[in-house]
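> predicted model and sequence follow; I will ask about them next.
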Amino acid sequence: MRFMLLALSLGFAQAATIQVFGKDGQLREVTTNLKAIKVDGRTIPLAQILSIHSAEPASPGEQARIEKALPLLIAADQKTSAQNTSDRAQRDAATADLVSIGLPVLTPLLLTYKDTDQHEPKPLYRLFERIIPGHADGPDRTLSLIRLTNGESLRGKVEAFSDGPLNWAEIRRLAVKQKQVTRQVDVHSLFHCTKIEFFDTGIGLAEGSKLDSKATGFTRLSWETDGWATDPNGLQKPGPNYKTNLVDGQPFGALVGRVNNGENFLLGKMALKQGLGNGRLMLAVNDNGHWQNNLGHYRVRLTATDAYDLGDPQ
């Protein structure tokens, strides 16, 4: 007991677990004895940090990935719904990579937008807010984003640091593991259906994470036709003129999730999940290519233990 008190008095704290996304595109989990970072001369304890998103210039490898991914999204933005469905995996992979690179994507992304009447749902249009929420945006795109546990978002220059496997020069994003991350989000059947775009919860899962999901609400997949209306469990019998209640292996209209661009899994009204792997938790309403007549949304309460808070839900 005396030794424990002495250790605390000398400032010896338990090593923190950090999820690092490197400029090399690799995601890994490390432990560090780093106690704080400095931003524009301000010392911020690591225990107060949710995530840090580097605005350092893109590395040559990142620049090549940006130049490859952005044209794919521009092309998808100009295609028909049927064409987008066939190219979906490629488009989703490009979007996920750009979101992971983060702040260095802002300027080339802004240059792709044309002064036209934008209409939702357009993944290319929404990519900007997935990278930087409006409350954290500013005129200087060279400033990194630091998100704190008290809800504050800072933009500034992070002083270089290095501790064992942690080296700021090699990091694009880092997040500090939290005992619990909670969210209440609305997943809309039009904007966030499986054939358009998944909702990014901002929760990063790890191997030991456990997920508790509870959902309420009602969605309509064919406007006035009640046979195509459902709760988060999805249709339990086929809607009018259909022989199956399933699409892509899950019920029509069900709340589904996935980690990064992995396989879809059913969440429904209630779910307890673990062992989902490493990556961002994404949500959507399950549907086929005829999504244009969707209405309504599900309100979802998420609790993830031993997980990471990577950003605002978008």
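Thanks, I have it.

> burial count for the closest residue in space to residue 244 that isn't next to it in sequence?
The shortest distance from residue 244 to any non-neighbouring residue, by C-beta to C-beta, 6 or more residues apart in numbering, is to residue 238 (5.7 Å). Bear in mind the C-beta positions are built from the backbone N, C-alpha and C, glycine included. As a burial measure, residue 238 scores 15 neighbours (other C-beta atoms under 10 Å).

> same check on residue 42?
Each residue near residue 42 was counted by other C-beta under 10 Å, and the total is 12.

> who does the residue nearest to it when sequence neighbours are not counted bridge with?
Using C-beta to C-beta, 6+ apart and skipping the chain neighbours, the partner closest in space to residue 42 is residue 156 (7.7 Å). Assessed by DSSP bridges, residue 156 has beta-bridge partners residue 144.

> ok, now which ones touch residue 156?
Contacts were defined as C-beta atoms under 8 Å, 6 or more residues apart in numbering; by that measure residue 156 touches 39, 40, 42, 143, 144, 146.

> contact partners of the longest helix that the chain contains?
Ranked by residue count under DSSP state H, the longest helix found in the chain is helix 60-77. Helix 60-77 is contacted from outside by 23-25, 58, 84, 87, 90-91, 94-95, 97-98, 101, 104-105, 108-109, 112, 122-125, 127, 172, using C-beta under 8 Å, 6+ apart.

> please pick the buried ones from these.
Applying a neighbour-count criterion of 16 or more other C-beta atoms under 10 Å, the buried members of the contacts of helix 60-77 are 23, 58, 84, 91, 94-95, 97-98, 101, 104-105, 109, 123-124, 127, 172.

> contacting residues for the residue nearest to residue 254 when sequence neighbours are not counted?
Computed as C-beta to C-beta, 6+ apart, the closest residue to residue 254 that is not its neighbour in sequence is residue 234, at 2.8 Å. The neighbours of residue 234, taking C-beta under 8 Å, 6+ apart as the test, are 245, 250, 251, 252, 253, 254, 255, 266, 268, 286.

> give me the three-state assignment for residue 234.
When classified by DSSP: H, G, I helix; E, B strand; the rest coil, residue 234 comes out as coil.

> start to end distance for stretch 240-248?
18 Å (C-alpha to C-alpha, to the nearest Å).

> hmm, who's touching it?
Contact with stretch 240-248 is made by 194, 222, 225, 227-228, 234-239, 251-252, 264, 286-288, as judged by C-beta under 8 Å, 6+ apart.

> quick one: buried ones out of those?
Of all the contacts of stretch 240-248 considered here, the ones buried according to neighbour count by 16+ other C-beta under 10 Å are 194, 222, 228, 234, 235, 239, 251, 252, 264, 286, 287.

> skipping adjacent residues, who's closest to the first one in space?
So that's residue 194. Beyond its immediate neighbours in the sequence, the residue positioned closest to residue 194 (C-beta to C-beta, 6+ apart) is residue 284, lying 4.7 Å away.

> immediately after the helix or strand that contains the one you found, which helix or strand?
Secondary structure here is read from DSSP states H and E; on that basis residue 284 sits in strand 279-285. Once the chain leaves strand 279-285, the next helix or strand it forms, by DSSP H and E, is strand 295-309.

> buried stuff in that next one?
Residues 296, 297, 298, 300, 302, 303, 304, 305, 306, 307, 308, 309 are the ones in strand 295-309 that count as buried (16+ other C-beta under 10 Å).

> of those residues, closest to residue 137?
residue 309 (19.1 Å; C-beta to C-beta).

> list the residues that contact that closest one.
For residue 309, the contacting residues are 50, 51, 147, 175, 178, 181, 202, 203, 204, taking C-beta under 8 Å, 6+ apart as the criterion.

> and the fourth one, bridged to which residues?
Taking DSSP bridges, one obtains residue 19, residue 51 as the residues bridged to residue 175.

> give me the number of residues near it?
Counted with other C-beta under 10 Å, the neighbours of residue 175 add up to 25.

> residue 279 is in contact with that one, correct?
No. Counting by C-beta atoms under 8 Å, residue 279 is not a contact partner of residue 175; they are 11.9 Å apart.

> overlap in contacts of these two?
Common contacts of residue 175 and residue 279 (C-beta under 8 Å, 6+ apart): residue 204.

> contacting residues for residue 129?
Listed by C-beta under 8 Å, 6+ apart, the contact set of residue 129 reads residue 314.

> now the one 4 residues further on
Residues counted as contacts of residue 133 (C-beta under 8 Å, 6+ apart) are 153, 311, 312, 314.

> now the helices: where do they sit in the stretch 151-300 of the chain?
In the stretch 151-300 of the chain, no segments count as helices under DSSP state H, counting those that start in this stretch.
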